[in-house]
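Trainee: coords please:
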Amino acid sequence: MKTVSEVSVEAPGRICLFGDHQDYLGLPIIACAINRFVKLSAISNEFEIFNLIMPDINSSRSFSIYESFENLIPGDHFASAIRVAKRYGCIPNKGYSITITGKIPINAGLSSSSAIVVAWVSFLLKAFGCSFVITDELIAEIAYRSEVIEHDAPGGKMDQYSIALGGIIFLQTNHTNSITKIDGFLNGLIVGESGLSKNTLGLLGDLKEKALASIRTVQEFDSDFKLQSAVLEDVDKYSHIIPEELKPFFYASIKNHMITQEAFYALNEEILNYDRIGALMNQHHSVLKNILKITTPKIDNMIDAALEAGAYGAKIVGSGGGGSICAITSNENKQRVIHSILKAGAKDAYPVLVAS
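Mentor: Model (predicted):
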């Protein structure tokens with residue numbers, strides 16, 4: 001393959017609109033890419049070395065293009081992506097000097113880390129090719145395997161797929177990996193950053209374990225039970241066999257799935273009903289706050305402020321314990337909502353657009 005001397009790629013951040021804490025259960029999510037990006041610029045060198053510079057976090061590293069990374073360090077996604085990409089026939093044969101910069105806030109629930117992984121995978125495939133036809137879906141799958149499977153991490157597929165595919169997607173995160181692009185243009189999105197660092201791995205791992213334990217308990221009692229087709233009546237139906245401490249997680253799994261399904265139809269209407277979409281967002285946030293308990297007082301204050309300022313709906317974004325909120329409002333009301341979120345203590349608040 002002919003060596004590419006210069007490679008430039010970018011990857012957006014993402015907002016989960018519906019389906020938080022659903023992708024690790026194999027349930028669908030609705031997420032959108034936003035116009036905040038990680039940018040990777042690479043120039044080939046003569047040293048058979050990858051030299052990476054990340055000035056935003058004052059970090060750099062170098063490693064040989066022949067490094068196998070047999071002993072993977074937890075959280076080293078550059079290494080795990082190399083391992084996975086090689087299995088797809090992507091074999092580095094040239095060194096590059098690489099600079100990675102970005103406008104996605106770090107540890108704020110907007111998936112800055114996954115954006116870096118997607119950008120890195122995109123660079124590897126663009127620079128060295130592979131044994132498969134390179135598509136956005138392939139980039140997403142390699143990034144997902146690099147970030148989650150290789151590290152036995154508790155996350156799902158939402159981040160990598162929504163970032164790599166862009167726009168608004170409805171993703172079936174089960175074995176089908178079915179992806180539906182939602183063509184409607186969603187206006188009025190606002191991000192509010194709390195400034196509180198989220199606890200992704202710890203929180204995700206705990207919630208995932210409890211949700212899966214509740215589902216296993218039901219399936220051991222009723223082998224025909226399928227979470228994908230469950231309804232709220234099932235909460236009462238199986239209440240007698242689910243341990244008390246697991247009941248909230250069983251309810252949340254079913255309720256959030258139902259909200260996501262309804263949101264899919266709402267977002268596919270020819271003329272969007274923003275009141276309906278906002279109400280569904282509020283319902284989803286209520287489960288995240290009151291059942292899964294992933295919010296903080298500061299996040300709650302920001303949500304309340306957005307709604308009191310006239311937002312159609314608002315919810316926490318990301319795994320929880322900090323991070324950001326997303327609100328949706330009319331274009332005329334954006335500045336009022338932004339001002340109210342900032343007044344409630346947000347580190348920053350700003351409008352975002354869906355990035356294709």
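
Trainee: just the strands in the stretch 251-356 of the chain please.
Mentor: 313-317, 324-328, 348-352 (DSSP state E, counting those that start in this stretch).

Trainee: hey, C-alpha coordinates of the second one in PDB?
Mentor: Extracted C-alpha coordinates of strand 324-328, given in PDB (Å, rounded to 0.1, in the frame of the first residue of the first chain):
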ATOM      1  CA  SER A 324     -23.000  17.800  32.000                       C
ATOM      2  CA  ILE A 325     -26.700  18.400  31.300                       C
ATOM      3  CA  CYS A 326     -28.500  18.700  28.000                       C
ATOM      4  CA  ALA A 327     -31.500  21.000  27.600                       C
ATOM      5  CA  ILE A 328     -33.700  21.500  24.600                       C
END
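
Trainee: let me see the mean pLDDT of it.
Mentor: Mean pLDDT, computed over strand 324-328, is 97.

Trainee: so that strand versus strand 313-317, what angle?
Mentor: Put simply, strand 324-328 runs at 160 degrees to strand 313-317, going by axes from the mean of the first three to the mean of the last three CA atoms, to 10 degrees.

Trainee: do the last one as well
Mentor: Using the same axes, to 10 degrees, the interaxial angle of strand 348-352 with respect to strand 313-317 works out to 110 degrees.

Trainee: buried residues, strand 348-352. List them.
Mentor: For strand 348-352, the neighbour count (16 or more other CB atoms under 10 Å) marks 349, 351-352 as buried. From N, CA and C alone the C-beta is placed, and that goes for glycine too.

Trainee: sorry, back to before: can I get the strands of the stretch 251-356 of the chain in TSV with distance to Gln228?
Mentor: Formatted as TSV, the strands of the stretch 251-356 of the chain follow (distance: least, CB to CB, whole Å):
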stretch	distance to Gln228
strand 313-317	23
strand 324-328	26
strand 348-352	31
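
Trainee: figure out which of these is closest to Asn256.
Mentor: strand 313-317 (11.1 Å; CB to CB).

Trainee: helices or strands next to that closest one in the packing?
Mentor: Strand 313-317 sits against helix 274-286, helix 297-308, strand 324-328, with contacts defined as 3 or more CB pairs under 8 Å, 6 or more residues apart in numbering; DSSP states H and E.

Trainee: so for it, mean pLDDT?
Mentor: 96.

Trainee: partners of that strand in the sheet?
Mentor: strand 324-328 (antiparallel) (DSSP bridges).

Trainee: residues contacting the strand it pairs with, please?
Mentor: The contact list for strand 324-328 (CB atoms under 8 Å, 6 or more residues apart in numbering) reads 15, 17, 105, 108-110, 186, 188-194, 274, 277-278, 281, 299, 302-303, 306-307, 311-318, 337, 341, 346.

Trainee: swap the cut-off to 7 Å and go again
Mentor: By CB atoms under 7 Å, 6 or more residues apart in numbering, the surrounding residues in contact with strand 324-328 are 15, 108-110, 188-194, 274, 277-278, 281, 299, 302-303, 306, 311-318, 337.

Trainee: how about stretch 271-290?
Mentor: With CB under 7 Å, 6+ apart, stretch 271-290 has contacts from 18, 20, 184, 252, 255-256, 259, 262-263, 266-267, 294-295, 300, 303, 311-316, 320, 328.

Trainee: which among these end up buried?
Mentor: Members of those classed as buried by 16+ other CB under 10 Å are 18, 20, 184, 252, 255-256, 259, 262-263, 266-267, 294-295, 303, 311-316, 320, 328.

Trainee: give me the subset of those residues lying in helices.
Mentor: Within the buried ones among the contacts of stretch 271-290, residues falling in helices by DSSP state H are 252, 255-256, 259, 262-263, 266-267, 303.

Trainee: turn those residues into a markdown table, including pLDDT and distance to Ser80.
Mentor: A markdown table is the format used below for these (pLDDT from 0 to 100; distance: CB to CB, whole Å):
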| residue | pLDDT | distance to Ser80 |
| --- | --- | --- |
| Ala252 | 96 | 30 |
| Lys255 | 97 | 34 |
| Asn256 | 96 | 29 |
| Ile259 | 97 | 33 |
| Glu262 | 97 | 36 |
| Ala263 | 97 | 33 |
| Ala266 | 97 | 37 |
| Leu267 | 97 | 33 |
| Ile303 | 97 | 35 |
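
Trainee: which one of these sits closest to Ser114?
Mentor: Nearest member of these to Ser114, counting by CB to CB, is Asn256, at 20.7 Å.

Trainee: show me the contacts for that closest one.
Mentor: 19, 21-22, 284, 287.

Trainee: save these as a markdown table, and put in distance to Ser239 too.
Mentor: Below are the contacts of Asn256 laid out as a markdown table (distance: CB to CB, whole Å):
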| residue | distance to Ser239 |
| --- | --- |
| Gly19 | 24 |
| His21 | 21 |
| Gln22 | 21 |
| His284 | 23 |
| Val287 | 18 |
